[in-house]
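In: Dropping a prediction and its sequence here:
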Amino acid sequence: DLYATFIGSDFILEGQNACKEMARLLNGKGNIVELQGTVGASAATDRMKGFAEELKNYPDMKIIASQSGDFTRAKGKEVMEAFLKAYPGEIHGVYAHNDDMALGAIEAIKDAGLKPGVDIKIVSIDGVKAIFEAMVAGEANVTVECNPLLGPQFFQVCKDLKEGKEVPKWVKSEEGIYRQETAAEDIKNRKY
C-alpha cells in the first residue's frame, strides 16, 4: 500500500519466450548451454526459471551445461570457450540471459571454427543494438527485448493516476521479440 504501481519487465516471461524461440530454431530437439547472469540477480534468477519452466514442454531439448557469465561479454566468451571444450560437437543452442554474454559466446564460437547462428543457434535477452548487428550479420538468431525506455508508459500511468483511474499493481514493460529474419529493418528503429 506504500506505492501505486510498479513499472518493469517480467523476467520470467522473457525466459519463457526465449525457450519458445529456441524450440522454434531447433525444431524442439537439441542440447543447449545456458549463460546465466550474475548469481542472485533477479533478472538472472527469473530468466533461468522461466526458461526451465517452458523447457518442460520440449522433452527432446535439454540444458547440458549452465554457468554464470556475470552479464559481461568477456565472461560470456570465457564460459562459452569452456563449454565448447567440454562438449565438442554436442551444443546446438546457446541461451544467454543477456545480449552481452551472447556476443562473447559468438566470439568463442567463431574462434572455435564454427558459425554462430548457423552451427549453434543463439537466443539472448535485452535487445541492444549490437545484437541486432550480429543478427544482420547472421551470427545471432533471436533477442527477447528487455525495454529500458519506460518514459511513455510512466507518463501515461501518472496521467491515469492523476485522473483517479485505477492502474494495475504491476504495469509490465512493452517488449517484443526480434528475429534474424527482420533484424535489418528492425535495427533502423532501435534507440538503445
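Out: Good, I have the coordinates.

In: From now on I want contacts and neighbour counts done on CA atoms only, so please keep to that.
Out: Fine.

In: Please report phi then psi for the residue nearest the centre of the chain.
Out: The centroid of the chain falls nearest to residue 125 when counting by CA atoms, centre = their mean (1.9 Å). The phi/psi pair for residue 125 (degrees, to the nearest 10) reads phi -130, psi 140.

In: again, but for residue 129
Out: Per-residue torsions, residue 129: phi -60, psi -40 (degrees, to the nearest 10).

In: Can you tell me the closest non-neighbouring residue to it?
Out: Of all residues not flanking residue 129 in the chain, residue 192 sits nearest, at 6.0 Å (CA to CA, 6 or more residues apart in numbering).

In: How many residues are close by that neighbour?
Out: Look at residue 192: counted by other CA atoms under 10 Å, it has 12 neighbours.

In: Residue 146 versus that one, what's the distance?
Out: Using CA to CA, to the nearest Å, we find residue 192 at a distance of 11 Å from residue 146.

In: Quick check: the residue nearest to residue 129 touching residue 128?
Out: Yes. Shown here, residue 192 and residue 128 form a contact pair, counting by CA atoms under 8 Å, at 5.7 Å.

In: one step back: distance check, the residue nearest to the centre of the chain against residue 114.
Out: Residue 125 is 22 Å from residue 114, by CA to CA.

In: how about the helices of the protein, start to end?
Out: 11-26, 42-55, 73-86, 99-111, 129-136, 151-162, 183-186 (DSSP state H).

In: Tell me which of those helices sits nearest to residue 177.
Out: Relative to residue 177, the nearest member of the helices of the chain by CA to CA is helix 11-26, separated by 7.9 Å.

In: packing partners for the closest one?
Out: If contacts are counted by 3 or more CA pairs under 8 Å, 6 or more residues apart in numbering; DSSP states H and E, helix 11-26 sits against helix 42-55, strand 93-96, strand 121-126, strand 142-145.
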